[in-house]
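[1] sequence plus predicted model, see below.
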Amino acid sequence: MRDTAHSGSTDDDGATGPGATPSTAERILEAARALMRDAGADHVAVTAIARRLGMSHSNVYRFFPNKAALLDAVMTAWLREIEDTLAATVEAMPAPVDRLAAYVLTLQDEMRRRARADPADFAAYAALSERAAGAMTAHATRCRAILEAILRDGIAREAFAIANVTAAARAIDNATLSLRHPKLVHQALATAADGSGEPAGDAASVSGEEAEDLVVLILDGIRR
């Protein structure tokens, strides 16, 4: 996990690499994530985190100046995991057209995979996304940066005809907002749920078809 602490403090046990002991900031984030999943963001208290980790609450404040900063960091860490998966999948594609298609389809698949793997955890992040404005804005910026890189590569290879890369990336990001925003994904799955509370049997296929249609629509608009 990336170091997402918002303060300038230096962690004195911040070893990194496989098998390394988690830093204090990482331990605080993991405790906050666990509390949020169990009881919701409103019940993530610095005192509860300190008690769970066997440290003073002042030590938590060394890394996160307030609860809002802590929750923003929790949201950021979760979104970064998705962004890393997205970037790795896109980079593995050889052609710009394939990379753009992979961006849209991987974004949709990864978000829905998480929603199905742990519905309670996903619901907690869906709720948090409405209040962690800083994390969500930064997420949008990073997603648009991935899109801009794809589009610039497509222009360089004469695969795309785009006059304004920044505007095009923003338009594609807006078009895929329902695929990357946790709250919107959660609402879509809830709407498609059957009486048991589980996603309806054809929900995944319908959503997959819509994502594929979106890929075709985007490519039709920018392909040379």
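    Noted; the coordinates are in hand.

[2] and R224, how close does it get to A159?
    According to Cβ to Cβ, to the nearest Å, R224 stands 6 Å off from A159. (C-beta placed from N, C-alpha, C; glycine too.)

[3] so what pLDDT did G14 get?
    pLDDT recorded at G14 is 42.

[4] do the one 5 residues further on as well
    The predicted structure scores G19 at 45 on the pLDDT scale.

[5] tell me which residues touch the closest residue to I222 other than its chain neighbours, please.
    Excluding the flanking residues, the one nearest I222 by Cβ to Cβ, 6 or more residues apart in numbering is F160, at 4.8 Å. Taking Cβ atoms under 8 Å, 6 or more residues apart in numbering, we find F160 in contact with P96, L151, G154, I222, R223, R224.

[6] how about W78?
    Counting by Cβ under 8 Å, 6+ apart, W78 has contacts R33, Y125.

[7] higher neighbour count, R224 and A159?
    Ranked by neighbour count (other Cβ atoms under 10 Å), R224 and A159 place A159 first, with 20 against 10.

[8] now the more buried one: phi and psi?
    Per-residue torsions, A159: phi -100, psi -30 (degrees, to the nearest 10).

[9] how far is the helix or strand harbouring D84 from where the chain is centred?
    Assigned by DSSP states H and E, D84 belongs to helix 67-91. Remark: helix 67-91 is offset 5 Å from the chain centroid, using Cα atoms, centre = their mean, to the nearest Å.

[10] related to what we said a few turns ago, in JSON lines, list the contacts of F160 along with secondary structure.
    Converted to JSON lines, the contacts of F160 look like this (DSSP: H, G, I helix; E, B strand; the rest coil):
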{"residue": "P96", "secondary structure": "helix"}
{"residue": "L151", "secondary structure": "helix"}
{"residue": "G154", "secondary structure": "helix"}
{"residue": "I222", "secondary structure": "helix"}
{"residue": "R223", "secondary structure": "strand"}
{"residue": "R224", "secondary structure": "coil"}
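
[11] what's the closest of those to A69?
    Closest approach to A69 among those (Cβ to Cβ): L151, at 33.4 Å.

[12] with adjacent residues omitted, what lies nearest to the residue nearest the centre of the chain?
    The centroid of the chain falls nearest to L79 when counting by Cα atoms, centre = their mean (2.5 Å). Residue nearest to L79 in three dimensions, not counting chain neighbours: H139, with 4.5 Å by Cβ to Cβ, 6+ apart.
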